[in-house]
Each structure stands twice: as structure tokens, then as C-alpha cells.
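Undergrad: predicted model, plus sequence, below.
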Amino acid sequence: MAGNFCSHCGNAVSPMAAACPQCGHPVADQQATQQAAQPVAQPAVGQPLANPYTPVKSRVTAGVLGILVGGLGIHKFYLGKVGLGVVYLLLVWTYVPAIIGLVEGIIYLTQSDQDFAKKQGVRVA
């Protein structure tokens, strides 16, 4: 016997039975519930989820923007990091974003394409 049991009284029920022989409760609903409760396959640990759209960005463009207009945060807007771009714009009067933008631009230009893509979350053109 496959081990089917009545969900109403707990009595063992034949897999071919339409109702429980003890209490008469229909078994078809229980089988449908068991089939519906099958686990859904989950992606394995460590596998990235499929992203249908990853923007394509140029490492050189981001680096040059960081060096030339990094104080305004244009390179951050280009990379899709709007929040950081706004912070750079709000702090532009302190010249701190200009220094950070210059350093980031140099870092972008000296990184490999793979490192840039991994750290920025973009595909490299």
C-alpha cells in the first residue's frame, strides 16, 4: 500500500479508493492537495538569479567622467547610482566629491573590465 491516509479520520486508504471506507470522506481532494503541495525547484546556493536586463556601461567613459566632472557626480549617474549622484551634487560646494571623483575615475581606468563589471554590477561594453 502506498501509504495514503484519510485526512478526516486518519484511516489507511487504498490508492484507488474514491472515499475513505471508515468515514466516507472523499479522498480525491486529498490527492489533489498532495499534488499541489509538491515543492518548487529553487536555484542552487551560489547560482546568480537570472537578470533579464543588466545595463552595458563603458569603464573608460565612467573613468573619464569621474576625472573631469566627478565633483558633480555625473559618473555615478552614468553608472545608475542616482542616490550617490545626488549626494555628490549636494556636497559639490565642499570640493570633497571632486577629490573622490578624481580618485574613483583613476580607479575605474586602472581596473580590469571583469573587476569593473563585478564591482559596479554592469556589463562592460
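TA: Sure thing, it's come through. Since the model is a prediction, treat every value here as computed from it, not as a measurement. Numbering: from 1, shown residues only.

Undergrad: what's the neighbour count on Phe116?
TA: Counted by other CB atoms under 10 Å, the residues lying close to Phe116 total 22. For every residue, glycine as well, the C-beta is placed using N, CA and C.

Undergrad: pLDDT wise, what is the closest residue to it other than its chain neighbours at?
TA: Distances taken as CB to CB, 6 or more residues apart in numbering put Arg59 closest to Phe116, at 4.4 Å, once the chain neighbours are dropped. pLDDT recorded at Arg59 is 95.

Undergrad: now swap in Ile74 and tell me
TA: pLDDT at Ile74 comes out at 96.

Undergrad: quick check: it touching Ile67?
TA: No. Counting by CB atoms under 8 Å, Ile74 does not reach Ile67; the two are 10.7 Å apart.

Undergrad: on that earlier part again, pull the contacting residues for the residue nearest to Phe116.
TA: Shown in contact with Arg59 (CB atoms under 8 Å, 6 or more residues apart in numbering): Tyr108, Leu109, Gln111, Asp113, Phe116, Val124.

Undergrad: mark which of these are buried, thanks.
TA: Tyr108, Gln111, Phe116, Val124 (16 or more other CB atoms under 10 Å).

Undergrad: wait, the third one sits on Leu109?
TA: No. No contact is recorded between Phe116 and Leu109 when judged using CB under 8 Å, the distance being 9.4 Å.

Undergrad: wasn't Gly66 part of a helix?
TA: Yes. Per DSSP: H, G, I helix; E, B strand; the rest coil, Gly66 lies within a helix segment.

Undergrad: just checking, it touches His75?
TA: Yes. In terms of CB under 8 Å, Gly66 counts as a neighbour of His75; the distance is 4.0 Å.
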